[in-house]
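> Quick one, fold the following:
(chains A and B)
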Protein chains: 2
Amino acid sequence: MKIVIDAMGADNGVAPVLLGVRDAITTDEITDDFSVILVGDEREILNFSPEFSQNSRIKIVHAENFIKMTEPSTNALKNKNSSIYMAMQILKNDEANALISAGHSGATMSLATLMLGRVNGVSRPAICTMMPTVKKRPSLILDAGANTDCKPEFLVDFARMGQIYCEHFLNREPKIGLLANGEEDSKGNELTKDVFKILKNDAFFAKTFIGNVEGNDIFKGDVDVIVCDGYSGNIVLKASEGVANAIFRILKNEISQNLLSKIGALFLRKSFRTLKNEVDYAEYGGAPLLGVRGNVIISHGKSNARAITCAIKQAVKISQKNIIEHLSAAFLKK
Amino acid sequence: MKIVIDAMGADNGVAPVLLGVRDAITTDEITDDFSVILVGDEREILNFSPEFSQNSRIKIVHAENFIKMTEPSTNALKNKNSSIYMAMQILKNDEANALISAGHSGATMSLATLMLGRVNGVSRPAICTMMPTVKKRPSLILDAGANTDCKPEFLVDFARMGQIYCEHFLNREPKIGLLANGEEDSKGNELTKDVFKILKNDAFFAKTFIGNVEGNDIFKGDVDVIVCDGYSGNIVLKASEGVANAIFRILKNEISQNLLSKIGALFLRKSFRTLKNEVDYAEYGGAPLLGVRGNVIISHGKSNARAITCAIKQAVKISQKNIIEHLSAAFLKK
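Just a heads-up that it's a prediction; the model follows:
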C-alpha cells in the first residue's frame, strides 16, 4: 500500500509532517505493510530528515512550490508544480492508495473534486470529522467545512455517506442525527426542516435516522453521525476545540497558583494524560473528504507529528476498507 | 425595583426557581433594593415555600396553568391564564421592571415580541448569551436561538444591539466579530458575506467591527460580541456546554479509577471549583431578549437555584442601566 503525503504548506512547516512520517514507519500501531511518497521541496525534506534518503519505504518527489494558506484556492488549479497538485496527480494515476495533506484545505478540496471527480450520484463531497464522546467511541460530523451553503439534497447525501463510512470504517450501524436547535421534529432552520422530511421518508435511513439532535449530543456518544451544513459543522468543530483548550488553560492556571495544587496535579498526571488523549484531535487523525473518487484525508493545518502518524494509520485503514466502492454502490441505488 | 418571575414550566419544576428567589432575597451580591412578583400556581408555590407568604418582598400572583415545553409557542398567545402570559402582562403594564422565565422559551419570545412590541428600528429581537473566556471577562453571542433563518439586516441589528449592550452592561467598548468558518474576509456563508460588507461600511461599527472570527475565538476573550444567526448560535452554545460536560465527566471517571488520583483530586478541590464556576452557565444568569420594549430574561430550562439567583441579579442590573433607552437611541440614528 502506498500513501502519498503533501509535505508542504502546514502551519508549522515540514517538521511535524516529517516527524509524523518517521513515527508511522516505526510504530507497531500500523500492522499493514505500507510505503510513503513524500511530495515537497526535496532539499528542505532531506535537510530535516537526511535518513529518509536511505529508507526504502520512503520515496521523495520534488515539487517546486506549494500553495500558501493566504492564497485563494483557485491558484491550486493553475499551479501544476505545487506539492498538492503533484500529490493529487499521483493519487489520480493510481500510483498511491490514499493522499494526506495538512496544507491549504481549500486547495486540496478543489483539486480533489476537479482532478479525481465525484462518486456518481454525490452532489457535493463533504469533510467527515471524528469527534470524541464520553462513551469512548467517536461520533462523525459532516460536513465539517467543505460546503458553506447547502441545498437539502447535499445534506441528504452527507447522511448517506456518513452511514456508509460509519458502517465500514467504524464497523457499526449508525444512529444518524440532524443537527438542530432542539430535539423536537419541528425544530431547525428552513434547510434542516426540508432535510428532516426527506430523511424521514427515505427507506435507506429507515433504521438509522433518529431525528434532530442538539449541539451537546455530539459528545454524548448516543448518536454516531451528525449531519449539518459545512458552515455550522466548522464553527461547532472549532468552538469545541476552543472550549477544551480554554478549560485546560484555566485549569493549568489554577493549578499553578499554589504548591498543594501542584502536588495534586502530579498525582493526577495519568488521569490528565488520558483525558487529554481522549479529547485530542491528533488521536483522530485527519478528516476524509468523502464523495470524491479517491481516498483524500485533510489534516488540520496545526497538525503535530502525532496527528500525522494517526492520519497515516487512518489512510491505510480507509484504503483497505474500499470505502469508495461502498459509497459508489450506495449511491448507485439512490 | 420589581422583578416579575414566571415560576412555572422549567424542566425541574418550581423548586429551583423558588430556591433561587429565596437566595436572591438574602444574598449580599445584590445591593439594590428589589422585590419579586412570582406568577404561578399559588398552592404549589406556598407548598414548597410557605415562608414566602410572610415575606413583604415577595408577592404571589396565582396563574391557573402554564405552557408546557411540549406545546407549540402559538398556544401562548391564546392562553391568557398561563403564568408567562400573566407575567408578561404585568411587565407590559409597568408593574415590574423586568421579567424572568425558565419556562418555554419560544412562548416567552413570542409573547414578548407581540405584547411588548419591538424597539423602533429593530428588525428582529435576539437572545444575547454570555460565554466564559480564558480572560475572565465574558463574551456575548447573539443571536443564540431566537431566529433560525436570518436576512443580512437581522444580523446587522444584532451587532448594533450587542454593541450597545456591551457598552452599557459590561462597561466596555466592544470588539465585534462575525462568526465564520475562517478569519479571512473571504470566509463565511452567503449570509455572513453580505453582513460582512454592511458592517465594514457602516460608520456605527467603524471602531468596533474587527471582521470574521472562528468558533474558538468565542472563548479566547479577544472579541466581546460574536454575531451569528440563531440556528448557529444555538448549536455553538449547546456544543460548548456539551464539551465542558464531557470533559468533566471523563475526568471524574478517570479520577475514580485509583486512590492516588482521588487524593490528587482532593488537593485540587479548590482549583476544580474555580474552574467549574468559571465555565458554569449558572453564574452568567439568563440571556436577555434584546430588541423588545421590556427587560425580558430567558433562563435555561435546566436552571438550578444559582442560575435563577444570578438571573435576578442580572435583571436588577439591566433595569438600572436603562438598556432599552440606549437601544432606542441607537436605532433612532440608524
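> List the residues that contact residue A:18.
Applying Cβ atoms under 8 Å, 6 or more residues apart in numbering or on different chains to residue A:18 gives the contacts A:7, A:38, A:45, A:48, A:49, A:52. The C-beta positions use only the backbone N, C-alpha and C, and glycine is treated the same way.
> Not counting residues beside it along the chain, what's closest to the fifth one?
This points to residue A:49. Spatially, and ignoring its direct neighbours in sequence, residue A:49 is nearest to residue A:18 (4.7 Å; Cβ to Cβ, 6 or more residues apart in numbering or on different chains).
> Could you say which helix or strand holds that neighbour?
Using DSSP states H and E, residue A:18 maps to helix A:14-26.
> Over to residue A:238?
Going by DSSP H and E, residue A:238 is part of helix A:230-255.
> one step back: any chance of a markdown table for the contacts of residue A:18, columns distance to residue A:271, secondary structure and pLDDT?
Converted to a markdown table, those look like this (distance: Cβ to Cβ, whole Å; DSSP: H, G, I helix; E, B strand; the rest coil; pLDDT from 0 to 100):
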| residue | distance to residue A:271 | secondary structure | pLDDT |
| --- | --- | --- | --- |
| A:7 | 36 | coil | 97 |
| A:38 | 37 | strand | 98 |
| A:45 | 39 | helix | 97 |
| A:48 | 35 | helix | 97 |
| A:49 | 35 | coil | 96 |
| A:52 | 37 | helix | 96 |
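> Of these - the most surrounded one?
Greatest neighbour count in these, by other Cβ atoms under 10 Å in any protein chain shown, goes to residue A:7: 32 neighbours.
> Now for that one: which residues touch it?
A:14, A:17, A:18, A:38, A:39, A:40, A:41, A:45, A:83.
> Now with 7 Å, please.
Residues near residue A:7 by Cβ atoms under 7 Å, 6 or more residues apart in numbering or on different chains: A:14, A:17, A:18, A:38, A:39, A:40, A:45, A:83.
> got a list of what the first one touches?
Taking Cβ under 7 Å, 6+ apart as the criterion, residue A:14 is in contact with A:7, A:8, A:40, A:44, A:45, A:48.
> Any chance you could spot the residue sitting in the middle of chain A?
In chain A, the residue lying closest to the centroid (Cα atoms, centre = their mean) is residue A:287, at 0.7 Å.
> what phi and what psi does the backbone show at that residue?
Dihedral angles phi and psi of residue A:287 (degrees, to the nearest 10) take the values phi -110, psi 120.
> Tally up the residues packed near residue A:298, please.
Residues near residue A:298, counting by other Cβ under 10 Å, number 27.
> Quick check: beta-bridge partners of it?
For residue A:298, the beta-bridge partners are residue A:101, residue A:287 (DSSP bridges).
> isn't residue A:183 right up against residue A:217?
No: between residue A:183 and residue A:217 there is no contact under Cβ atoms under 7 Å: 8.2 Å.
> Between those two, point out the one with more neighbours.
Applying other Cβ under 10 Å to residue A:183 and residue A:217 shows that residue A:217 carries more neighbours, namely 23 against 13.
> and that one, what does it touch?
Counting by Cβ under 7 Å, 6+ apart, residue A:217 touches A:177, A:223.
> Kindly recompute the last result at 6 Å.
Listed by Cβ atoms under 6 Å, 6 or more residues apart in numbering or on different chains, the contact set of residue A:217 reads residue A:223.
> Now the helix or strand of chain A with the lowest mean pLDDT: buried residues?
Using mean pLDDT, DSSP states H and E, helix A:269-279 stands out as the lowest-scoring helix or strand of chain A, at a mean of 79. Neighbour-count burial for helix A:269-279, with 16 or more other Cβ atoms under 10 Å in any protein chain shown as criterion, is recorded at A:271, A:272, A:275, A:278, A:279.
> from these, which is closest to residue A:251?
The shortest approach to residue A:251 among these belongs to residue A:272, at 8.6 Å (Cβ to Cβ).
> Tell me the one of the contacts of residue A:14 nearest chain B?
Minimum distance to chain B across the contacts of residue A:14 is 19.8 Å, recorded for residue A:8 (Cβ to the nearest Cβ).
> tally of neighbours for the residue lying closest to residue A:63 once chain neighbours are set aside?
Nearest non-adjacent residue to residue A:63, counting by Cβ to Cβ, 6+ apart: residue A:83, 3.9 Å away. By the criterion of other Cβ under 10 Å, residue A:83 has 27 neighbours.
> Residue A:83 and residue B:314: what is the separation?
Distance of residue A:83 to residue B:314, computed by Cβ to Cβ, to the nearest Å: 53 Å.
> if we can go back for a sec, what's near enough to touch the residue nearest to the centre of chain A?
Counted by Cβ under 6 Å, 6+ apart, residue A:287 has contacts A:127, A:128, A:129, A:144, A:298.
> what's the average pLDDT for stretch A:162-174?
For stretch A:162-174, mean pLDDT is 95.
> Pull out the buried residues from it.
A:162, A:163, A:164, A:165, A:166, A:167, A:168, A:169, A:170, A:174.
> How about stretch A:15-34?
Buried residues in stretch A:15-34, defined by neighbour count with 16+ other Cβ under 10 Å: A:16, A:17, A:18, A:19, A:20, A:21, A:22, A:23, A:24, A:25, A:30, A:34.
> Now render those as CSV, adding pLDDT.
Below are the buried residues of stretch A:15-34 laid out as CSV (pLDDT from 0 to 100):
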residue, pLDDT
A:16, 96
A:17, 97
A:18, 97
A:19, 97
A:20, 97
A:21, 97
A:22, 97
A:23, 96
A:24, 96
A:25, 94
A:30, 85
A:34, 95
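> of those residues, closest to residue B:95?
The shortest approach to residue B:95 among the buried residues of stretch A:15-34 belongs to residue A:16, at 63.5 Å (Cβ to Cβ).
> you'd agree that closest one is up against residue A:301?
No: with contact defined as Cβ atoms under 6 Å, residue A:16 does not count as touching residue A:301 (10.3 Å).
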